[in-house]
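Q: The following comprises the amino acid sequence and a computationally predicted model.
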2 protein chains.
Amino acid sequence: MRAEIVSVGDELLKGQRVNTNAAFMSRALGGIGVPVDRVVACRDLEEEMMAVFAESLGRADLVLVTGGLGPTRDDRTRGAVQQLLGRGLERSEEAYANLVARMKQRGLEVSDSLRDQAMVIEGAHVIANTKGSAAGMIIGCGERFQNHYLVLMPGVPSEMIAMMELTVIPWFAALSRSVIRHTPVKTLGIGESTLAGMIADIEDGLPEGTTLAYLPHAAGVSLMISTIGHEREAVEGDNRSVVDAIAGRAGKYIYATSEVSLEATIGAQLLAGGLTVAVAESCTGGLVASRLTDVPGSSAWFLQGFVVYSNQAKERSLGVPGETIERFGAVSEEVARAMAAGCLEESGADFALSTTGIAGPAGGSPEKPVGMLCLAIARKNSGILLSRTLYMQGDRELNKLRFSEAVLGELWECLRQG
Amino acid sequence: MRAEIVSVGDELLKGQRVNTNAAFMSRALGGIGVPVDRVVACRDLEEEMMAVFAESLGRADLVLVTGGLGPTRDDRTRGAVQQLLGRGLERSEEAYANLVARMKQRGLEVSDSLRDQAMVIEGAHVIANTKGSAAGMIIGCGERFQNHYLVLMPGVPSEMIAMMELTVIPWFAALSRSVIRHTPVKTLGIGESTLAGMIADIEDGLPEGTTLAYLPHAAGVSLMISTIGHEREAVEGDNRSVVDAIAGRAGKYIYATSEVSLEATIGAQLLAGGLTVAVAESCTGGLVASRLTDVPGSSAWFLQGFVVYSNQAKERSLGVPGETIERFGAVSEEVARAMAAGCLEESGADFALSTTGIAGPAGGSPEKPVGMLCLAIARKNSGILLSRTLYMQGDRELNKLRFSEAVLGELWECLRQG
């Protein structure tokens, strides 16, 4: 069983709303082994909708439509389906009872325009709307469309999500008999093309039903290994064997094989070791601290951050010697080391990270260009563990993100080595 | 001129990525008076892509395609276009020079797989990629497709956005002959429905060709006033008159009528007054510092940040009295005031901000629930200017964002009042 999604509504085509509904429905269908082959966003014109519905129904066993079910004039989804399938409307007593109950709660009567919300396509199975007024529908489309299914839902995310979870997913999970398994492989410190070269033969020899996708993002690249089939054991085995093969080849770049962020991975490492961290930031300006404190429960292992933008702050708050700044410049491994040492001392943490660099757009020079980062990591009782100089490319915000990723990546590596 | 968008990539169909690119492109095209009629997300299979491209080119003057231009095997957009148009590839010297320059900066050679990124469809106009390796293309599709245009861009948002802004939008703005003017109206401290009530009659009386859209976001609401027409003076006049009318009504909530962030607005205020700021953060965990240092040139007015997560850090780094924490709790206006006072003292800045609160998901209680924020602002020679307790609703990251918006909003107000 394969699916397509049609999202109706001018607000999507004007870019006033991002199509998060389609992403939610795709994930939900993927979870029951029904892959989505196409997502189409179209205008709320009846002729255009009829054409789009007909094309999708011609290809896919299941077509999910959201939007255009409300009470206003630009809600034309039912009209388009009536014309396409040549069917009338009938009143759903179940949907009408829902309307009456909703209005009663607010002390209101059911108005004419609302009453219309209980009218459904003849022969449709009604999907109860637990969060709003418009009834959803599961419609068998008959021989002309190879008995494919059309599902109509409102575009309001909360209403659609409740309908998917309570009715649509259970219904089609029973009809489809596929099993699917996704495993992310999250890496650090390696580019897309280098990684691709390293695992080329694994990609060539993927088991049938397994695909490998690259998901490059601002500060690295992730892979997604997806397997679909009919038997749970075989699907999980195939998926696992590909992940293991990649780990065997590129293991030292992989920080997670589940949906977890780098900062959460580091938090778990620190928590497991009963360790704490503090950070001293110049060029990242608080971003490293903010990322670490995005992790729920981070107060157990994150002690403190110093955002020392000015030289005076570096000296006063972290005891960086003025002559070190004078001699090597604020952007230097020497200063990064002094910042990490001072941060360790001031905070009493087990690990201290530091960043100093040039995020841009101004402040670069031939010797110290925009994108240059000096970082250091210090550990209690061991002193400075490492310092590095790296060069990135990006605008100011992207540089800050890449700088933060670099220093967190180094900490992850230190923690892994114990 | 009308457009369609095709987003290529399995990650969109699996719901692993939300299609924010399409929303951006739709808005950008809307900005030059080119409406988008359809958005299609399809798999990275050549045959499917060829079919989708052909259908869209049959309907629309302009088809924007993102994704599938990278160096890996699942990047098949060029292959599909080659087959569809019956054209070969040629090396773009411009794109190749870009690759060489990018690699040189990192001290690397151009590998074979990277070299391939400079190969473009014969006869294409190359779109320079200022943020990455893959070349973009504007392709005139010949008589078979009524001379419609196909535009190929990478799926990485930063690369696509730069290409749209630097090349694609100017190119097609010149071809389409509409004049359009957008003015954002950015507000603070007022909700969508209150604002809507305040300006209802302005909305009712909008000049022809002018629209008003609400763009609610995590921490407030912005308006976008858009005017389209054929004569520059009339378009600009109509647009300005609506913005002025709104400013006359809701001026005290408006911090900007241009595309500028709150933090950049604050930076400009500080710079104009020759003033500096420092921040002391508990619950926002470095986010306030990070937002302020996102502004280019912030080193002129941002001195220092203290991320004091633990009580010990609050005491040691900012001199918050242990007994104040003991008596009122770490989340209290008393502690917020002591943090701001200590931050002013330690940093020597003109203004000091502080935040202490409960971002969640854990740590709440009936008296101090998740979403509670205490903030304070202190000024050199004046001491504490204000402290406040506010309550927000959201998950951890959203709370952090709303907390940061609240304290920055208070600073903006203080600076405005001088």
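A: Received it, and whenever you're ready, just let me know what you need.
Q: what residues are up against the residue lying closest to residue A:377 once chain neighbours are set aside?
A: Among residues not flanking residue A:377 along the chain, residue A:385 sits closest, at 4.8 Å (CB to CB, 6 or more residues apart in numbering or on different chains). For glycine as for every other residue, the C-beta is placed from the backbone atoms N, C-alpha and C. Residues near residue A:385 by CB atoms under 8 Å, 6 or more residues apart in numbering or on different chains: A:377-379, A:414.
Q: For those, which single residue is the most surrounded?
A: Using other CB atoms under 10 Å in any protein chain shown as the neighbour criterion, residue A:378 leads the contacts of residue A:385 with 28 neighbours.
Q: Can I get whichever helix or strand it is part of in CSV, CA atoms only?
A: Using DSSP states H and E, the element containing residue A:378 is strand A:372-379. Presented in CSV, the C-alpha positions along strand A:372-379 are these (Å, rounded to 0.1, in the frame of the first residue of the first chain):
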residue,chain,number,x,y,z
MET,A,372,38.8,31.3,12.3
LEU,A,373,38.2,29.6,15.6
CYS,A,374,40.5,28.8,18.5
LEU,A,375,39.1,26.4,21.1
ALA,A,376,40.5,24.6,24.2
ILE,A,377,39.3,22.0,26.7
ALA,A,378,40.6,21.7,30.2
ARG,A,379,39.9,19.0,32.8
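Q: what's in contact with it?
A: Defining contact as CB under 8 Å, 6+ apart, one finds that strand A:372-379 is touched by A:283, A:331-333, A:335-337, A:339-341, A:343-344, A:350-358, A:364, A:384-392, A:402-403, A:406-407, A:410-411, A:414.
Q: which SS class is the residue lying closest to residue A:60 once chain neighbours are set aside?
A: Distances taken as CB to CB, 6+ apart place residue A:4 nearest to residue A:60, at 4.2 Å, with adjacent residues excluded. Following DSSP: H, G, I helix; E, B strand; the rest coil, the label given to residue A:4 is strand.
Q: Residue A:4 contacts residue A:41, doesn't it?
A: No. Using CB atoms under 8 Å, residue A:4 makes no contact with residue A:41, being 12.0 Å away.
Q: Flag every buried residue along the helix or strand hosting residue A:288.
A: Per DSSP H and E: residue A:288 is located in helix A:287-292. For helix A:287-292, a neighbour-count test (16 or more other CB atoms under 10 Å in any protein chain shown) marks A:287-292 as buried.
Q: could I get the residues you listed as TSV with distance to residue A:36 and pLDDT?
A: What follows is these, written out as TSV (distance: CB to CB, whole Å; pLDDT from 0 to 100):
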residue	distance to residue A:36	pLDDT
A:287	35	97
A:288	37	98
A:289	39	98
A:290	35	97
A:291	32	97
A:292	35	98
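Q: Please tabulate those residues in JSON lines and include distance to residue A:264 as additional columns.
A: Shown next, in JSON lines, are the buried residues of helix A:287-292 (distance: CB to CB, whole Å):
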{"residue": "A:287", "distance to residue A:264": "16"}
{"residue": "A:288", "distance to residue A:264": "14"}
{"residue": "A:289", "distance to residue A:264": "15"}
{"residue": "A:290", "distance to residue A:264": "14"}
{"residue": "A:291", "distance to residue A:264": "10"}
{"residue": "A:292", "distance to residue A:264": "9"}
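Q: From those, pick the one nearest chain B.
A: Using CB to the nearest CB, residue A:289 comes nearest to chain B of the buried residues of helix A:287-292, at 3.0 Å.
Q: which residues of the stretch 51-200 of chain A fall in strands?
A: Counting by DSSP state E, counting those that start in this stretch, the stretch 51-200 of chain A has strands at residues A:62-66, A:89-91, A:119-121, A:125-127, A:136-140, A:149-153, A:179-187.
Q: Between the ones you listed, which one is closest to chain B.
A: Nearest of those (CB to the nearest CB): strand A:179-187, 7.2 Å.
Q: does any part of that closest one sit near chain B?
A: Yes. Strand A:179-187 comes into contact with chain B (CB under 8 Å from any CB of the partner chain), by way of residue A:182.
Q: Which strands and helices lie in contact with the helix or strand in which residue A:243 is found?
A: Residue A:243 is part of helix A:232-250, with elements assigned from DSSP H and E. Helix A:232-250 sits against strand A:179-187, helix A:192-198, helix A:200-204, strand A:210-217, strand A:220-229, with contacts defined as 3 or more CB pairs under 8 Å, 6 or more residues apart in numbering or on different chains; DSSP states H and E.
Q: Show me chain A divided up by domain.
A: A:3-175, A:179-256, A:262-417 (automatic domain parsing).
Q: coming back round to it: the residue nearest to residue A:377 - that's part of a strand, no?
A: Yes. Looking at residue A:385 with three-state DSSP, it is inside a strand.
Q: is residue A:186 in a bridge, and if so with what?
A: Residue A:186 forms beta bridges with residue A:222, residue A:256, as assigned by DSSP bridges.
Q: buried subset of the contacts of strand A:372-379?
A: For the contacts of strand A:372-379, a burial check counting by 16+ other CB under 10 Å picks out A:283, A:331-333, A:335-337, A:339-341, A:343-344, A:350-358, A:384-387, A:390, A:392, A:402-403, A:406-407, A:410-411, A:414.
Q: taking the residues you listed one by one, which sit in helices?
A: Assignment to helices by DSSP state H places the following of those there: A:333, A:335-337, A:339-341, A:343-344, A:402-403, A:406-407, A:410-411, A:414.
Q: Need the CA coordinates for the helix holding residue A:243. CSV is fine.
A: Presented in CSV, the C-alpha positions along helix A:232-250 are these (Å, rounded to 0.1, in the frame of the first residue of the first chain):
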residue,chain,number,x,y,z
ARG,A,232,9.5,-7.8,11.4
GLU,A,233,12.6,-9.9,12.1
ALA,A,234,13.9,-9.6,8.5
VAL,A,235,13.3,-5.9,8.4
GLU,A,236,15.0,-5.2,11.7
GLY,A,237,17.9,-7.5,10.8
ASP,A,238,18.5,-5.9,7.4
ASN,A,239,18.3,-2.4,8.9
ARG,A,240,20.7,-3.3,11.7
SER,A,241,23.2,-5.0,9.4
VAL,A,242,23.5,-1.8,7.2
VAL,A,243,23.9,0.4,10.3
ASP,A,244,26.5,-1.9,11.7
ALA,A,245,28.4,-2.0,8.4
ILE,A,246,28.5,1.8,8.3
ALA,A,247,29.6,1.9,12.0
GLY,A,248,32.4,-0.5,11.2
ARG,A,249,33.7,1.8,8.5
ALA,A,250,33.0,5.3,9.9
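Q: now that helix: mean pLDDT?
A: Across helix A:232-250, the average pLDDT comes to 95.
Q: Pull out the buried positions in that helix.
A: Neighbour-count burial for helix A:232-250, counted by 16+ other CB under 10 Å, picks out A:235, A:238-239, A:241-243, A:245-246, A:249-250.
Q: rewinding a little: rebuild the helices and strands packed on helix A:232-250 as CSV, extending it with mean pLDDT and mean neighbour count.
A: As requested, the helices and strands packed on helix A:232-250 are exported to CSV (pLDDT from 0 to 100; neighbours: other CB atoms under 10 Å in any protein chain shown):
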stretch, mean pLDDT, mean neighbour count
strand A:179-187, 89, 20
helix A:192-198, 90, 18
helix A:200-204, 94, 13
strand A:210-217, 83, 18
strand A:220-229, 88, 22
